[in-house]
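Asker: Predicted model and sequence follow; I will ask about them next.
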Protein chains: 4
Amino acid sequence: MPSEFRLKRRVQFYETDAGGIVHFSVYFRYMEEAEHALWRAAGLSIHDRDSGFGWPRVHASCDYHKPLRFEDLVEIHLLVAEKRSKAITYEVRFHRVNGAAPEEVARGRLTIVCVSHAVDGTMKATAIPEEIASKIEVAPKELLAGEVKREA
Amino acid sequence: MPSEFRLKRRVQFYETDAGGIVHFSVYFRYMEEAEHALWRAAGLSIHDRDSGFGWPRVHASCDYHKPLRFEDLVEIHLLVAEKRSKAITYEVRFHRVNGAAPEEVARGRLTIVCVSHAVDGTMKATAIPEEIASKIEVAPKELLAGEVKREA
Amino acid sequence: MPSEFRLKRRVQFYETDAGGIVHFSVYFRYMEEAEHALWRAAGLSIHDRDSGFGWPRVHASCDYHKPLRFEDLVEIHLLVAEKRSKAITYEVRFHRVNGAAPEEVARGRLTIVCVSHAVDGTMKATAIPEEIASKIEVAPKELLAGEVKREA
Amino acid sequence: MPSEFRLKRRVQFYETDAGGIVHFSVYFRYMEEAEHALWRAAGLSIHDRDSGFGWPRVHASCDYHKPLRFEDLVEIHLLVAEKRSKAITYEVRFHRVNGAAPEEVARGRLTIVCVSHAVDGTMKATAIPEEIASKIEVAPKELLAGEVKREA
C-alpha cells in the first residue's frame, strides 16, 4: 500500500531549452513519471485499456525555486496528499541530488479524477474502484507540506 | 502597450496522448506560445541573447475542465494580471472554438521573474528594465478572474 | 487533390534546447504538422477514430544543414513523393523565411502505411481506401528531389 | 573506450499519442539518451558549456517495425558505426524486452558533427578534439548492420 515514491533520474538534453535550463513544462512530465511508478509499485497500471476507466488531471501546479540543467540528477518525491471518493491529490518535491547536499529546486501538486468513458467518447467522473483505492494510501500528515504557496 | 493576447491554434497530433486527449503538460506550452506572441506584439522578444536578462518561471498552474482532442481549434487568451518590480503574472483561459459556441476547457496562471545572469551562470532576480515594463500593461481589473480555484 | 502543402510557422521556445537551437527531434513534429495540414486541405483527417484505419510511420529521416533558432519563421514544404497501394512517402523541405532570402535549413522524408486495427489491438498493413487515395496526388516529378543523400 | 551502450528504460505516458503508441519523433529522443549515456560512460559530457564545442546532428533516420506502447520496457542499443575527423555516426537498435523474448521494434542512424562556436553564434565544423576522439571507439564490424534499408 504505497503512499509515496522517490524516483531518481537524470535530466535529458531534449528537456532543456535555449535558456540553458529544464523547460518548466517538463516538471509536469516528471510528476507523471513518479506517479506512474507509484502505481506500478502498487501493482497497478494507470492506463489500462481494458478497464474502462481513465485518470485525467483536473489540477496541476508547480513552484520553481532553482533551475535544473542538463545531466543534473533529480529526485522526484511524490506523496499521496489526499484521497477522495473520485479524486487523488499528490504533493511532489523536486531535489537536485548530484551536489554535495540535496537541494530542493521545485515543488508541485497534481489532482487526478477517476472517469468512466461513455460510448460517445465523453468522460464522466466516477467513484474510484475499491481494488484501486485500497492499494494507494494517503501519506502520514507530518510528511505533507500542505498547499503550495505562491512564490512571487 | 498590450495587456492581453488571443492566440488561436490547432491541436497537433504529437500533443495528444494514449488517453486520446491533449497531454496536460502541453497546456503550459500553449501558455508560453501566447505569452511570447504578446511580447512580440509589444515589439519585444522574451529571449534576447544580447540583453543579459532572462525570464524563468517561478509559478505555473492549470485547472482542466474538459479535454481537448486532435484537430480541435483552441483559443489561448492570455491576460497580464499583475506587474511587480521584478515579476509579471498572467492569467490564461483556454477555449475550444471549433464547436457551435466557444467552450472554456481550462484556466491557468503563470508568474515569471526577471533575472540577470552572473558570469558563473547563476541567475539573480532583478528589476524589470523600464523599456520592457513600459510596454506591457496590466489588463483592466474587470477582465481578470483572480486566483485560480482548486477544482477537486 | 493536393500534392503538396506549405506551412509557415514560428519556432517556439519549448522547441529549442540548451544548445540554443531547435532540437533535432522537433523537425519530425514539423513534418507531421505539414502532413496533417495537407490532409485537412484534402478534406481528410489522418486520425479518424471511427474509420478503423491508422497511419503509423515506417520510415522517417532528416538531413540538417543549418540550425533554426527561437522565433525564426520556418516554412515546411511537404510534397507527396510516392503513393503505393499501402504506403505514402513524403519529401519535406525546411526553409528559414525570416531573413533577406529563403534559406534551406533541412530536408526530410517520411513514409506512412495504412493499417487496420484488429480486435486485440494489433495493426495490419492494408490497402489505402479509394476515398483517401483519390484525394492525395503525387507531386510532379520535376518538383521532387528524390532520395535524401547522406551529409556526413 | 566504449563503442556501444545498452540503455533500458520504460515507455512514459507522455511519449504516447492518440494512436495509442509511442510517437515516432520520440525514438530520436531515445537515441539521444543512449548517446549521452555512452559519452558519460566514456567520462565525457556532450554538452560542456566551457568547451567551446558543440555537437549538432546532421542526419537522423529511423525505420519502425512494430509499435511501442505505454509501460513497455525498451532497450536502446547504440553502436558507434563510424568515426571520421569531424563526424561520428551511430547505429541504434530498439528492442521491446518485456515480452517472452526480445523483439526488434525499430532501427535508426544518427550522425553528429563537431562544431566550434564563433563569437556571432555561428557554428563551424571542426576536427574532433583528440581527448574526445580517443575515448570513443568504432564497434567491431561484425556487430554493425550497415546502412538502414527502406521499409516501404
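Answerer: Sure thing, it's come through. Numbers count the residues shown, from 1 in each chain, chains lettered A, B, ... in the order given.
Asker: residues contacting the residue lying closest to A:Asp72 once chain neighbours are set aside?
Answerer: The shortest distance from A:Asp72 to any non-neighbouring residue, by C-beta to C-beta, 6 or more residues apart in numbering or on different chains, is to A:Val11 (4.6 Å). Bear in mind the C-beta positions are built from the backbone N, C-alpha and C, glycine included. A:Val11 is in contact with A:Val22, A:Leu68, A:Arg69, A:Phe70, A:Glu71, A:Asp72, A:Leu73, A:Val74, counting by C-beta atoms under 8 Å, 6 or more residues apart in numbering or on different chains.
Asker: 7 Å instead, please
Answerer: For A:Val11, the contact set (C-beta atoms under 7 Å, 6 or more residues apart in numbering or on different chains) comprises A:Val22, A:Leu68, A:Arg69, A:Phe70, A:Glu71, A:Asp72, A:Val74.
Asker: can I get these in JSON lines with neighbour count?
Answerer: What follows is the contacts of A:Val11, written out as JSON lines (neighbours: other C-beta atoms under 10 Å in any protein chain shown):
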{"residue": "A:Val22", "neighbour count": "25"}
{"residue": "A:Leu68", "neighbour count": "22"}
{"residue": "A:Arg69", "neighbour count": "18"}
{"residue": "A:Phe70", "neighbour count": "23"}
{"residue": "A:Glu71", "neighbour count": "18"}
{"residue": "A:Asp72", "neighbour count": "19"}
{"residue": "A:Val74", "neighbour count": "21"}
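Asker: Out of those, flag the one nearest to chain C.
Answerer: Checking the contacts of A:Val11 against chain C by C-beta to the nearest C-beta gives A:Phe70 as the nearest, at 5.4 Å.
Asker: So what's the residue count around the residue of chain A found nearest chain B?
Answerer: Residue of chain A nearest chain B, by C-beta to the nearest C-beta: A:Ser61 (3.5 Å). A:Ser61: 23 surrounding residues under other C-beta atoms under 10 Å in any protein chain shown.
Asker: what helix or strand does the spatially most central residue of chain A sit in?
Answerer: In chain A, the centroid-proximal residue (C-alpha atoms, centre = their mean) is A:Met31; its distance is 3.3 Å. Under the criterion of DSSP states H and E, A:Met31 resides in helix A:26-41.
Asker: who touches that helix?
Answerer: Identification of contacts with helix A:26-41 by C-beta under 7 Å, 6+ apart yields A:2, A:5, A:7, A:15, A:45-46, A:60, A:62, A:74, A:76, A:78, A:90, A:92, A:94, A:106, A:108, A:110, B:24-25, B:28, D:12-14.
Asker: Among the residues you listed, the buried ones, what's the PyMOL command?
Answerer: In PyMOL syntax, the buried subset of the contacts of helix A:26-41 is picked out as below (16 or more other C-beta atoms under 10 Å in any protein chain shown):
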select buried, (chain A and resi 2+5+7+15+46+60+62+74+76+78+90+92+94+106+108+110) or (chain B and resi 24+25+28) or (chain D and resi 12+13+14)
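Asker: which parts of chain A sit against chain C?
Answerer: Applying C-beta under 7 Å from any C-beta of the partner chain, one finds that chain A approaches chain C through A:Phe13, A:Tyr14, A:Thr16, A:Asp17, A:Ala18, A:Gly20, A:His23, A:Ser25, A:Phe70.
Asker: Could you report the neighbour count for the fifth one?
Answerer: Other residues within reach of A:Ala18 by the criterion other C-beta under 10 Å amount to 22.
Asker: And for the nearest residue to it once chain neighbours are set aside, the neighbour number?
Answerer: Distances taken as C-beta to C-beta, 6+ apart place C:Thr16 nearest to A:Ala18, at 3.7 Å, with adjacent residues excluded. Neighbour count for C:Thr16, taken as other C-beta under 10 Å: 25.
Asker: surely C:Thr16 meets A:Asp17?
Answerer: Yes. Contact criterion C-beta atoms under 7 Å: C:Thr16 and A:Asp17 qualify, at 5.3 Å.
Asker: on that earlier part again, now the residue of chain A closest to chain B, nearest residue through space, not along the chain?
Answerer: B:Ser61 (3.5 Å).
Asker: which residues are in contact with the helix or strand harbouring that neighbour?
Answerer: If you go by DSSP H and E, B:Ser61 is part of strand B:57-64. The contact list for strand B:57-64, computed with C-beta under 7 Å, 6+ apart, reads A:24, A:56-64, A:150-152, B:24, B:27-28, B:106-113, B:148, B:151.
Asker: quick one: low-confidence parts of chain A?
Answerer: Scanning chain A for pLDDT under 70 picks out A:146-152.
Asker: Up against chain B, what does it have?
Answerer: Contact residues (C-beta under 7 Å from any C-beta) of chain A with chain B: A:18-19, A:21, A:24-25, A:28-29, A:47, A:54, A:56-64, A:67, A:87, A:111, A:113, A:123, A:150-152.
Asker: Buried ones among those?
Answerer: A:18-19, A:21, A:24-25, A:28-29, A:47, A:54, A:56-64, A:67, A:87, A:111, A:113, A:123, A:152.
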